[in-house]
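> I would like the atomic coordinates for the input below:
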Amino acid sequence: MHDYKELIKQFTKEDFLNGAVNLHIHTTYSDGEAEFLDVINQSKDKGCKLIAITDHNTVQGHIENPNCNVLTGVEFDVWYKYIFLHLLAYGIDVNHLALKPFLAKSKDETEKDILRFFAKRNIKDLIDAIHEAGGIVVLAHPCCCWALSLDKFVSDLVKMGLDGIEVYYPYPRWRKYIKFSSPDSVEKIAEKYHLLKTGGTDLHTKFLD
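Numbering: from 1, shown residues only. Okay, the predicted model is just below:
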């Protein structure tokens, strides 16, 4: 079994910021515009060191396109108390039975916001399932979470098994509405709780940034 934490640790902040490593990408298997294999070809043309395709609530792209030399991933919609959040799972065995109860049962559950928003996944059970499937658990775009205290929120997730946090991420999509935390604070929180630092563009368009 690969040590995915050590794999990701070898990359630098600059690798994430310049797009050499992009661990947050969506394709047509959920609500992205890019075809799965086209993303992979683009990453090869750009000379990327590593990418992860993380479609919403589905690993179907990885199942139907095995051996593509990308980091397996998925982005789950889930609630913790009053906070709606996204958890990224990396390095999972996409055929592991532990994941099956948490995966989308229809295409609509991968792309329709209203269905995704009312997801009923139990967060502790989900984290345990990701670990059982050999993966690591990362909090996606934390500054987009409506957490009054990001520190307390992350602390609670760490107690449930959180492995990492998305630090290097373009935040402008929701920053004009959500003012509880800042990107600078995320890196400090990651260091405080010894969390793996990841990053990605949250790609939904046809072309890698």
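> which residues touch the spatially most central residue of the chain?
Closest to where the C-alpha atoms of the chain average out (C-alpha atoms, centre = their mean) is residue 88, at 2.8 Å. Counting by C-beta atoms under 8 Å, 6 or more residues apart in numbering, residue 88 touches 23-24, 52, 54, 73-76, 137-140, 166, 198. C-beta here means a position set from N, CA and C on the backbone, and glycine is covered the same way.
> ok, residue 203 next?
Residue 203 neighbours (C-beta under 8 Å, 6+ apart): 22, 24-26, 32, 34, 39, 209.
> buried only: go through the residues you listed for me.
22, 24-26, 32, 34, 39 (16 or more other C-beta atoms under 10 Å).
> where in this structure is pLDDT low?
1, 171-182 (pLDDT under 70).
> show me the helices in it, by range?
Under the criterion DSSP state H, helices of the chain are mapped to 4-9, 13-17, 36-46, 60-64, 108-111, 113-117, 123-132, 150-160, 172-175, 183-192.
> buried ones in the second one?
With burial defined by 16+ other C-beta under 10 Å, the residues of helix 13-17 counted as buried are 15-16.
> then the third one?
When burial is assessed from 16+ other C-beta under 10 Å, helix 36-46 yields the following buried residues: 36, 39-40, 42-43.
> what of the first one?
Under the neighbour-count criterion of 16+ other C-beta under 10 Å, helix 4-9 has 4, 8 buried.
> pull the distance from it to the chain's centre.
15 Å (C-alpha atoms, centre = their mean, to the nearest Å).
> over to the second one?
The chain centroid and the centroid of helix 13-17 are separated by 17 Å under C-alpha atoms, centre = their mean.
> show me what that helix is packed against.
Helix 13-17 sits against strand 21-25, strand 164-168, strand 196-199, with contacts defined as 3 or more C-beta pairs under 8 Å, 6 or more residues apart in numbering; DSSP states H and E.
> give me the angle between the strand of greatest length in the chain and strand 21-25.
Longest strand in the chain by number of residues (criterion: DSSP state E): strand 71-80. Between the axes of strand 71-80 and strand 21-25, defined by axes from the mean of the first three to the mean of the last three C-alpha atoms, to 10 degrees, the angle is 50 degrees.
> what are the buried residues along strand 71-80?
Those would be 71-78, 80, for strand 71-80 by 16+ other C-beta under 10 Å.
> before we move on, back to that, any idea which of the helices and strands packed on helix 13-17 is most buried?
strand 21-25 (a mean of 26; mean count of other C-beta atoms under 10 Å).
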